[in-house]
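# show me the folded form of this:
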Amino acid sequence: MDFQPTLPIPISFISGRYLLFSIDFVTYLRREHNICGVLTGTLPQIPQQNVFLGLPLELMPEEARVLVDKGVACIVDEAKAHQGMQSLLEEDRRKYLRELESQGLHASRIFAERKGQKKAETLKKIAEKKAKGKAQAKPQSEESVNAATATSEPSAANDEPASVVDFFAGDTPTPSTSSKGTSTGTPAAQAFHVTPATSYPPLPDPTTSSELIVFRPDVPSSYPLFAHMHSRGYFLSPGLRFGCQYVAYPGDPLRFHSHFLVVSSEWDQEIDLMDIIIGGRLGTGVKKGFLLGGPRQAKTEDGSEIERTESVRTFSIEWAGM
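Below is the predicted model:
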């Protein structure tokens, strides 16, 4: 069952950056609201950090703003929120640490179960391979069969193949193999160390305090075009590597190639013709369209200005002969 969070989702505002530390929130926003962001954290188990990164997920100001405008998220000032750590009672601290230890024990037990299943599957495959080899072998004399069995099969004291025993010997000791553990539980020394991604709990939910909410993120002038493309179902990511403001995908970037290089412009802004030619040739060279757009400076009958995010015009430029 897909995770359904309680709205609004808190987006952490730290040093001018908009961050998400919960993997549940990250997957929900990507699945339901076309928000990808950029992973910026390190992964302790993967030394090659130039390929894969982890939490937190950093959002562009435009992504944070569109979520706030839709009522899906709110911006939380984490510096103010964490001032509550100073007044946290000692009993609350101990309770929180006990909960983390309990989670570590639970994760350790799950790891041990999965390791046991993996070991059983490996032994089963080896036994099936042996049985298949014996069935296909030519009939031999009883003496040669006994000799081959004595040299190829493990002894009665150790009925597992040596290679399998060595393979599993290096694993983390499980509750059943630990000299200090018992059959009823895992000792504290074997519990996995859990590092929470957020401070809620022990701190209270920040969305319940109006003092912590930063209402609307500041966005660049390109936001109307970003909101327009997002409302049409596109996934947008930063376009620095293609020399544009955004790269627009028709679906999740994990499944689709991008369709447009997106550049924003004001309605009455003068545009150098060479910039249009360069953008069109670049887009065609990387098999994408060059999309130029911006909000119209239109007014209603009573003279009030039309909402900029709802009055955007876009133009796509492609070279047909390349």
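# which other helices and strands contact the longest helix seen in the chain?
If each helix of the chain is counted by residues according to DSSP state H, the longest one is helix 90-136. The helices and strands touching helix 90-136, judged by 3 or more Cβ pairs under 8 Å, 6 or more residues apart in numbering; DSSP states H and E, are helix 162-169. For every residue, glycine as well, the C-beta is placed using N, CA and C.
# let's go with 6 Å and repeat that
When contacts are defined as 3 or more Cβ pairs under 6 Å, 6 or more residues apart in numbering; DSSP states H and E, helix 90-136 packs onto no helix or strand at all.
# now do it, average pLDDT.
Throughout helix 90-136, pLDDT has a mean value of 88.
# also stretch 264-282?
91.
# worst-scoring helix or strand of this protein, pLDDT-wise?
helix 162-169 (a mean of 41; mean pLDDT, DSSP states H and E).
# give me the contacts around whichever helix or strand comes after that one.
Next in sequence after helix 162-169, counting helices and strands by DSSP states H and E, comes strand 213-214. Residues from elsewhere that reach strand 213-214 (Cβ atoms under 6 Å, 6 or more residues apart in numbering): 13, 74-75, 77.
# ok, now with 8 Å
Under the criterion Cβ atoms under 8 Å, 6 or more residues apart in numbering, residues 13, 74-77, 206-207 lie in contact with strand 213-214.
# and stretch 191-198, by the same measure?
21-23, 55-56, 100-101, 103-105, 107-108, 111.
# check which residues of stretch 109-119 are buried.
Of all the residues in stretch 109-119, those buried under the rule 16 or more other Cβ atoms under 10 Å are 109, 112, 119.
# what's the closest of the contacts of strand 213-214 to residue 227?
Of all these, residue 75 has the smallest distance to residue 227: 16.6 Å, by Cβ to Cβ.
# please list all residues in contact with the closest residue in space to residue 191 that isn't next to it in sequence.
Distances taken as Cβ to Cβ, 6 or more residues apart in numbering put residue 104 closest to residue 191, at 3.7 Å, once the chain neighbours are dropped. Listed by Cβ under 8 Å, 6+ apart, the contact set of residue 104 reads 191-194.
# sheet partners, orientation included, of the helix or strand containing residue 56?
Using DSSP H and E, residue 56 maps to strand 54-59. Applying DSSP bridges to the sheet, strand 54-59 is found paired with strand 17-20 (antiparallel), strand 38-41 (antiparallel).
# next SSE after it?
The C-terminal neighbour of strand 54-59 among helices and strands, as given by DSSP H and E, is helix 61-69.
# which elements pack onto that next one?
Counting by 3+ Cβ pairs under 8 Å, 6+ apart, helix 61-69 packs on strand 9-14, strand 17-20, strand 73-77, helix 223-231.
# any chance of these in a markdown table, with distance to residue 314 too?
Output for the helices and strands packed on helix 61-69, formatted as a markdown table (distance: least, Cβ to Cβ, whole Å):
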| stretch | distance to residue 314 |
| --- | --- |
| strand 9-14 | 28 |
| strand 17-20 | 26 |
| strand 73-77 | 26 |
| helix 223-231 | 7 |
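# for residue 66, find the nearest of those.
Among the helices and strands packed on helix 61-69, the nearest to residue 66 by Cβ to Cβ is helix 223-231 (5.4 Å).
# buried residues, that closest one. List them.
Buried-residue list, helix 223-231, by 16+ other Cβ under 10 Å: 223-230.
# other SSEs contacting it?
The contact analysis (3+ Cβ pairs under 8 Å, 6+ apart) places helix 223-231 against helix 61-69, strand 235-238, strand 246-249, strand 260-264, strand 289-295, strand 312-317.
# the fifth one: partners in the sheet, and parallel or antiparallel?
Sheet neighbours of strand 289-295, with direction, are listed as strand 260-264 (parallel), strand 312-317 (antiparallel) (DSSP bridges).
# just the ones you listed: most buried one?
strand 260-264 (a mean of 25; mean count of other Cβ atoms under 10 Å).
# output the contacting helices and strands for the next helix or strand after that strand.
Scanning forward in sequence from strand 260-264 by DSSP H and E, the next helix or strand is helix 273-285. Under the contact criterion of 3+ Cβ pairs under 8 Å, 6+ apart, helix 273-285 touches strand 260-264, strand 289-295, strand 312-317.
# and helix 273-285, how far out from the chain's middle?
Distance, stretch centre to chain centre, for helix 273-285: 34 Å (Cα atoms, centre = their mean, to the nearest Å).
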